[in-house]
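1. The following block contains a protein sequence and its predicted model.
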Amino acid sequence: ETGVTQSPTHLIKTRGQQVTLRCSSQSGHNTVSWYQQALGQGPQFIFQYYREEENGRGNFPPRFSGLQFPNYSSELNVNALELDDSALYLCASREAGDTQYFGPGTRLTVL
Amino acid sequence: EDQVTQSPEALRLQEGESSSLNCSYTVSGLRGLFWYRQDPGKGPEFLFTLYSAGEEKEKERLKATLTKKESFLHITAPKPEDSATYLCAVLSHGSGNTGKLIFGQGTTLQVKP
């Protein structure tokens, strides 16, 4: 158990809709990253938040956005959903070191 | 561009048959290399962090090693419960503190009793 939780477990949306995924980090982990993992692939970095500010971003469009809150929780928001957004979404948290600890993920299906 | 390639893509072993998984990487200054285990439909579970060539880490039947161009995950006398996908990821100095891990596509290991 990493102490990182995510909700919901599964989600089904329609193309064009908006979705919010949630993550709760371990207490004391002030850095959270979000990843997208397509079936059969390794996770791809979306962005990282540190002390409620985005401080790193991968090759994802602006319709992917996030928030981090002082209570170690965070959100990933995706607007204008596309079929290719169907994936497992992972959040990972860490303290001062480099090792990231992942949550169980949210499986998003876009129809 | 930072890149990670894992081989083989899939590996089937008999229980007790030792083997190694390979992770080759190209990175602009390695800050750290990470191994994770992932069960189907679940999040990656942290196994090891390696920082410099020559470093080795062990945990139960697993041993990870690092050279300047690749890392190996050695599995000694595997059991069926070791069946999973093993992911390798690198963090470069160029990523600074962004935490951007670059993952390989994984090796799916199946251990038959």
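-> Received it, and whenever you're ready, just let me know what you need.

2. what are the ranges of the strands in the chain?
-> All of this is about chain A. With DSSP state E as the criterion, chain A has strands at A:5-7, A:10-13, A:19-24, A:31-37, A:44-50, A:53-57, A:64-68, A:73-78, A:87-94, A:101-102, A:106-110.

3. Not quite, go with chain B.
-> With DSSP E as the criterion, chain B has strands spanning B:3-7, B:10-14, B:19-26, B:30-38, B:45-50, B:56-59, B:62-66, B:70-75, B:84-92, B:102-103, B:107-112.

4. Between those strands, which one is closest to A:F60.
-> With C-beta to C-beta, the closest approach to A:F60 among those belongs to strand B:102-103: 14.6 Å. C-beta: built from backbone N, CA, C; applies to glycine.

5. Show residues contacting the closest one.
-> When contacts are taken as C-beta atoms under 8 Å, 6 or more residues apart in numbering or on different chains, the neighbours of strand B:102-103 outside the stretch itself are A:42-45, B:2-4, B:27, B:87-92.

6. one step back: pick the most deeply packed of the strands of chain B.
-> Mean neighbour count (mean count of other C-beta atoms under 10 Å in any protein chain shown) peaks for strand B:84-92 among these, with a mean of 24.

7. how far out from the middle of the chain is that strand?
-> On the basis of C-alpha atoms, centre = their mean, to the nearest Å, strand B:84-92 sits 5 Å off its chain's mean C-alpha point.

8. Average pLDDT for it, rounded please.
-> Per-residue pLDDT over strand B:84-92 has a mean of 97.

9. hang on, the earlier thing: export the strands of chain A as JSON lines, with columns for mean neighbour count.
-> Output for the strands of chain A, formatted as JSON lines (neighbours: other C-beta atoms under 10 Å in any protein chain shown):
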{"stretch": "strand A:5-7", "mean neighbour count": "16"}
{"stretch": "strand A:10-13", "mean neighbour count": "13"}
{"stretch": "strand A:19-24", "mean neighbour count": "19"}
{"stretch": "strand A:31-37", "mean neighbour count": "24"}
{"stretch": "strand A:44-50", "mean neighbour count": "22"}
{"stretch": "strand A:53-57", "mean neighbour count": "14"}
{"stretch": "strand A:64-68", "mean neighbour count": "18"}
{"stretch": "strand A:73-78", "mean neighbour count": "20"}
{"stretch": "strand A:87-94", "mean neighbour count": "25"}
{"stretch": "strand A:101-102", "mean neighbour count": "22"}
{"stretch": "strand A:106-110", "mean neighbour count": "18"}
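
10. now those as CSV including mean pLDDT and distance to chain B?
-> Listed next are the strands of chain A as CSV, based on pLDDT from 0 to 100; distance: least, C-beta to the nearest C-beta, whole Å:
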stretch, mean pLDDT, distance to chain B
strand A:5-7, 96, 8
strand A:10-13, 98, 10
strand A:19-24, 97, 11
strand A:31-37, 97, 5
strand A:44-50, 96, 4
strand A:53-57, 93, 3
strand A:64-68, 97, 13
strand A:73-78, 97, 13
strand A:87-94, 96, 5
strand A:101-102, 96, 4
strand A:106-110, 98, 7
